[in-house]
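Participant: Okay, here's the prediction I keep looking at, along with the sequence it came from:
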Amino acid sequence: MGHKKIILVFPTIALMIILWAFCAVTAFGEGSDVENAIPGGAAADALMAAFDDKNTTNDLGKSPGRADTAAVAVDDTAEAGNSTTVMSLLDIIKKGGIVGYLIILLSIVSLGLILDYAITIRKVKILPPKDVETLSKIIEEGNLETAVDTLDKDRPSFFAQVTIAGLKESRLGYQSMIKAMEDTGEALASAIARKIEHLNVIGNISPMMGLLGTVIGMLRCFNEIANVAGAIEPKQLAGGIFEALVTTCMGLIVAIPSLYGYAVFKNRIDEYTGEAALAAEQIVASFKTNPSDKE
């Protein structure tokens, strides 16, 4: 059962890998170089100029130099459009600047946490069959104090800690045992839930860091435009916007799998801790002594 549950984490890792691959291949793949993204406008202007002067050049019997120039411009533009370069994923990350590197660091931390939680937050760790068998024998034998002290020193599981908390209150009656087990179970479940909050934090701050990188990139872009004398070419503005939006894309790529992983592990904690608490109550059911307790 534990091996089947650990497979649930694979979609989280796969989702992050797919998003990075989609970003690298589709959005920033071949033909995405910003420097070559605008030449179609120049070609259109050259063609319009050629058609405007076609009749005049033919009537005057002059050499159609402007039309020839337009044709050459179209050919050059077509060649420029076909010679687009391919940007690698590393080039995209470099365009993100310092904020982009921080987002990459968050993605590495997120993957590490996902792998760690996939190993530690499992049913076999929270409700080990071995602990159920051991505690059942201890209760049957009646040697509670020695056995409980021994188990309490061996870093027991969630189930063992909840059961031990109840056994320590066995002299005060069944209701006191249940109360101690409920309090211990709530405290331990809260501790495990706080552990996975790191994924939730990463999922929330990654888009904000991406937005910060975009704002910084836009400020840099408009500052350069303000310092340029004369008209601004569209491709210069497009290049700056492209670099600014890279960090937003990177932040979303990290946030989506992180939040998905957080939801998966949160549901897993609720399920396993609930099963462990129910199993602990069933084990100590033999301590019910009066009819009111048994009901």
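Facilitator: Good, I have the coordinates. Numbers count the residues shown, from 1 in each chain.

Participant: can you tell me which residues contact His198?
Facilitator: His198 sits next to Val109, Leu113 when contact means C-beta atoms under 8 Å, 6 or more residues apart in numbering. For glycine as for every other residue, the C-beta is placed from the backbone atoms N, C-alpha and C.

Participant: Following element in sequence after the one helix or strand it maps to, please.
Facilitator: Element membership of His198 [criterion: DSSP states H and E] is helix 197-226. Where DSSP H and E defines the elements, the next helix or strand beyond helix 197-226 is helix 234-283.

Participant: what helix or strand does the residue lying closest to Asp270 once chain neighbours are set aside sit in?
Facilitator: Setting aside the residues directly before and after it, Asp270 is nearest to Ala189 in space (C-beta to C-beta, 6 or more residues apart in numbering), at 7.9 Å. Counting by DSSP H and E, the element that carries Ala189 is helix 174-195.

Participant: related to what we said a few turns ago, the residue nearest to Asp270 against Thr273, yeah?
Facilitator: Yes - here Ala189 lies in contact with Thr273, judged by C-beta atoms under 8 Å, at a distance of 4.4 Å.

Participant: Can you work out which residues contact both of those two?
Facilitator: With C-beta under 8 Å, 6+ apart, Ala189 and Thr273 have common neighbours Phe158.

Participant: Pick out whichever of these two has more residues nearby.
Facilitator: A count of neighbours by other C-beta atoms under 10 Å puts Thr273 above the other of Ala189 and Thr273, at 23 against 20.

Participant: Which residues are in contact with the more buried one?
Facilitator: Residues in contact with Thr273 (C-beta under 8 Å, 6+ apart) are Ile126, Phe158, Gly185, Leu188, Ala189, Ile192.

Participant: hmm, 7 Å instead?
Facilitator: Neighbouring residues of Thr273 by C-beta atoms under 7 Å, 6 or more residues apart in numbering: Ile126, Phe158, Gly185, Ala189.

Participant: between the residues you listed, which is nearest Ile119?
Facilitator: Nearest to Ile119, judged by C-beta to C-beta, of the contacts of Thr273 is Ile126 at 12.5 Å.

Participant: is it true that the closest one touches Ala160?
Facilitator: No - contact criterion C-beta atoms under 7 Å: Ile126 and Ala160 do not qualify, at 10.0 Å.

Participant: Just read off the phi/psi values of Gly96.
Facilitator: Main-chain torsions, Gly96, degrees, to the nearest 10: phi -70, psi -20.

Participant: which residues touch it?
Facilitator: So Gly96 contacts Ile103, Gly213, Val246, Thr247, Met250 (C-beta under 7 Å, 6+ apart).

Participant: Now do it against Leu90, distance only.
Facilitator: 11 Å (C-beta to C-beta, to the nearest Å).

Participant: cool, and Pro207?
Facilitator: 22 Å.

Participant: more crowded one of these two?
Facilitator: Ranked by neighbour count (other C-beta under 10 Å), Pro207 and Leu90 place Pro207 first, with 20 against 9.

Participant: my guess is that one meets Gly251, correct?
Facilitator: Yes - using C-beta under 7 Å, Pro207 makes contact with Gly251 at a distance of 4.5 Å.

Participant: Please work out how many residues are found near Leu212.
Facilitator: Neighbours around Leu212, by other C-beta under 10 Å: 17.

Participant: where does it land on pLDDT?
Facilitator: On pLDDT, Leu212 comes in at 90.

Participant: now the angle between helix 234-283 and the strand or helix carrying Gly100, please.
Facilitator: Secondary structure from DSSP H and E places Gly100 in helix 97-120. Interaxial angle, helix 97-120 versus helix 234-283 (axes from the mean of the first three to the mean of the last three C-alpha atoms, to 10 degrees): 20 degrees.

Participant: Having no further points to raise, I will conclude here.
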